[in-house]
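build me a model:
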Amino acid sequence: MLTVLLLDDDPISATHTADDLAAEGLKVIKASPFSALGAIKNAERVDAAILDPGRNEAGANQLIADLHPVPVFIHAQHASLRSAVDLMKAGARDYWAKPAPIRDVLDAIRRASVATAQNTESATPAVEAYVGKSLGMRTLMTMANKAAKARSTVLVIGETGTGKELVARHIHQTSERSNKPIISVNCAAIPETLIESELFGYEKGAFTGANAQRVGLIEAADGGTLFLDEIGELPPSAQARLLRFIQEGEIRRIGSVESASVNVRLICATHRNLMELENTDAFRRDLFHRINVLRLELPPLRERGDDIEGLTNWLIKRVAGRLGMEIKPFSDEAYQRLLDYTWPGNVRELEHTIERALVMADSKLITVSDLNLPPPIPAMSALNKSSVVESPTETPGAKSAGDMDTEELSLEDYFQRFVLENQDAMNETELAQKLGISRKCLWERRQRFDLPRNRKRGAA
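Numbering: from 1, shown residues only. The predicted structure is shown next:
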């Protein structure tokens, strides 16, 4: 029997809803929103909560966070589109205006209880499949488990698509804060003009359009974890405010004269080199040293050859289940192509490749053509399967770069040589396809190795 916590200050409405739920076989616990936490502590089990926020939206946001991981559904007497958006952002599972059809409420509660049970059962196998067999990932997850036991700030570094958020969620779920929310923020996805108000909140009338008080994401994560993805994209003004929060554990909403104390564990992630940004004053030095306490570096997928098989099997089940499609095995040639590819987009690119192959495959077997991956460069594939060889030191009797065997080149040397030899005959898209990387990755490597783009062909 499912147990539902009904939080409604209107006794007549609460009685009607409770009777409807009880008639469908659910156990109902009625309480005021102010006594919600006490009611949960006294109950043996609560599968879901139904909340009428009244006109106290800020209090409802905080209550949703406090009740986590219990799914909260909003049944609002004073419903509005803005309220629905804000409460759904705060973590509410669904939102209805009163009176809502009882069948819709029941279906939503049952779906949430099934999803919670499945997530509980499959969390550990999913992490195990993601970690794989490689020594680098095993070492990293050992460090992550140690970090989970501490309260220190964590900095997760890795290329785009390596799974930094998955590591952050693992740290949160294995920490003492697992019964509180983890709020994820992509700093690169929020406009610079809005990032401060999103993180710290604002008071009514603080600026044009601030028609009501709003709780910031840091305050919403009180007691839990705040995950700041792509922190290298944070504007300087927000960096200064964030530094104050880390040092003192206090925040001040925009337009407020008072500070509020918060208890939030901070996990940051970036694919950029923060030390280089620090040297160019694009990232505050004092903030860098504050977040660089426990440092975890995620290896790229090209360095995890032993994990390709396990990741592929896990991802194809995950993707097929999400799409409602039949799981299809890979042909030997297709599987070998997965092993030979360099995966510049890492695990995310592997997942998208598998999804495309499942959708496009005409037979019950996924072939090379279904993967739609560029053909491997022989020298690059050979280098990927062996350890990276350092460039030999030049001596008077040593071979020149032109006479050096391809197998003796490091990946960096091979890249520079290939670009210099072929950029007159190919455009940037063709170069990237031959190297098995994206145009963005090609541009970034040109900057790193100081290889200016040859414009002669375009000018001609």
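
poorly predicted segments of the stretch 351-460 of the chain, please.
Within the stretch 351-460 of the chain, the set of residues satisfying pLDDT under 70 comprises 376-411, 454-460.

just the element for the residue nearest the centre of the chain, please.
Nearest to the geometric centre of the chain sits residue 165, at 3.6 Å (Cα atoms, centre = their mean). Taking DSSP states H and E as the criterion, the element that holds residue 165 is helix 164-173.

re the thing from before, do you know how far the residue nearest to the centre of the chain is from residue 173?
12 Å (Cβ to Cβ, to the nearest Å). Just so you know, the C-beta spots here come from the backbone N, C-alpha and C atoms, and that holds for glycine as well.

the residue nearest to the centre of the chain touches residue 230, doesn't it?
No - judged on Cβ atoms under 8 Å, residue 165 makes no contact with residue 230 at a distance of 10.5 Å.

which residues do the two both contact?
By Cβ atoms under 8 Å, 6 or more residues apart in numbering, residue 165 and residue 230 have these common neighbours: residue 269.

please report phi then psi for residue 104.
Torsion angles at residue 104 (phi, psi; degrees, to the nearest 10) stand at phi -60, psi -40.

not counting its neighbours along the chain, what's nearest it?
Counting by Cβ to Cβ, 6 or more residues apart in numbering, residue 104 lies nearest to residue 96, which is 6.8 Å off, once chain neighbours are set aside.

for my notes, confirm that neighbour occurs in a strand.
Yes - Residue 96 sits within a strand when classified using DSSP: H, G, I helix; E, B strand; the rest coil.

so what's it up against?
So residue 96 contacts 73, 74, 75, 76, 79, 104, 105 (Cβ under 8 Å, 6+ apart).

from residue 84, how far out is it?
Computed as Cβ to Cβ, the residue 96 to residue 84 distance reads 9 Å.

need the residues touching each of those two.
By Cβ under 8 Å, 6+ apart, residue 96 and residue 84 have these common neighbours: 74, 76.

that older thread, with residue 225 as the reference, measure out to the residue nearest to the centre of the chain.
12 Å.

show me where pLDDT drops low in the stretch 151-300 of the chain?
For the stretch 151-300 of the chain, no range has pLDDT under 70.

so where do the strands sit in it?
154-157, 182-186, 201-202, 214-215, 225-229, 250-251, 260-261, 265-270, 294-297 (DSSP state E, counting those that start in this stretch).

how big is the angle separating the longest one from strand 225-229?
Going by axes from the mean of the first three to the mean of the last three Cα atoms, to 10 degrees, strand 265-270 is angled at 10 degrees with respect to strand 225-229.

who are the packing partners of strand 265-270?
Under the contact criterion of 3 or more Cβ pairs under 8 Å, 6 or more residues apart in numbering; DSSP states H and E, strand 265-270 touches strand 154-157, helix 164-173, strand 225-229.

for the ones you listed, give me JSON lines that also has distance to residue 69.
Below are the helices and strands packed on strand 265-270 laid out as JSON lines (distance: least, Cβ to Cβ, whole Å):
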{"stretch": "strand 154-157", "distance to residue 69": "21"}
{"stretch": "helix 164-173", "distance to residue 69": "10"}
{"stretch": "strand 225-229", "distance to residue 69": "13"}
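
of all the ones you listed, which one is nearest residue 421?
For the helices and strands packed on strand 265-270, the distance to residue 421 is smallest for strand 154-157, at 32.8 Å, taking Cβ to Cβ.

who does that closest one pair with, and is each partner parallel or antiparallel?
strand 265-270 (parallel), strand 294-297 (parallel) (DSSP bridges).

please convert these to JSON lines, extending it with mean neighbour count and distance to residue 366.
Below are the strands paired with strand 154-157 laid out as JSON lines (neighbours: other Cβ atoms under 10 Å; distance: least, Cβ to Cβ, whole Å):
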{"stretch": "strand 265-270", "mean neighbour count": "25", "distance to residue 366": "32"}
{"stretch": "strand 294-297", "mean neighbour count": "16", "distance to residue 366": "33"}
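
before we move on, the earlier item: what are the bridge partners for the residue nearest to residue 104, then?
Here residue 96 sits in beta bridges with residue 75, as judged by DSSP bridges.

now do it, the pLDDT please.
According to the prediction, residue 96 has pLDDT 87.

and the gap between it and residue 13?
Distance from residue 96 to residue 13, counting by Cβ to Cβ: 12 Å.

skip the chain neighbours and tell me the closest residue to residue 364.
That would be residue 328: by Cβ to Cβ, 6+ apart, it lies 5.9 Å from residue 364.

what segments of the stretch 101-250 of the chain are helices?
102-131, 135-148, 164-173, 195-200, 217-220, 236-248 (DSSP state H, counting those that start in this stretch).

same thing with the stretch 251-400 of the chain?
Applying DSSP H, counting those that start in this stretch to the stretch 251-400 of the chain gives helices spanning 274-279, 285-291, 308-323, 332-340, 346-360, 368-371, 378-385.

with distance to residue 181 added, can I get those in CSV?
As requested, the helices of the stretch 251-400 of the chain are exported to CSV (distance: least, Cβ to Cβ, whole Å):
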stretch, distance to residue 181
helix 274-279, 26
helix 285-291, 20
helix 308-323, 24
helix 332-340, 36
helix 346-360, 24
helix 368-371, 38
helix 378-385, 40
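
and of those helices, who's closest to residue 27?
Nearest to residue 27, of the helices of the stretch 251-400 of the chain and by Cβ to Cβ, is helix 308-323 at 31.0 Å.

now the angle from that closest one to helix 332-340?
110 degrees.

list the buried residues of helix 308-323.
Neighbour counts over helix 308-323 (16 or more other Cβ atoms under 10 Å) mark 308, 310, 311, 312, 314, 315, 316, 318, 319, 320 as buried.

returning to what we had before: dump the residue contacts of the residue nearest to the centre of the chain.
184, 227, 229, 269.

also residue 358?
Contacts of residue 358 (Cβ under 8 Å, 6+ apart): 316, 319, 320, 323, 325, 328, 366.

and these, which two are furthest apart?
Farthest pair in these, by Cβ to Cβ: 323 and 366, 13.9 Å.

and for the nearest residue to residue 33 once chain neighbours are set aside, the neighbour number?
Nearest residue to residue 33, sequence neighbours excluded (Cβ to Cβ, 6+ apart): residue 7, at 4.6 Å. By other Cβ atoms under 10 Å, 24 other residues sit near residue 7.
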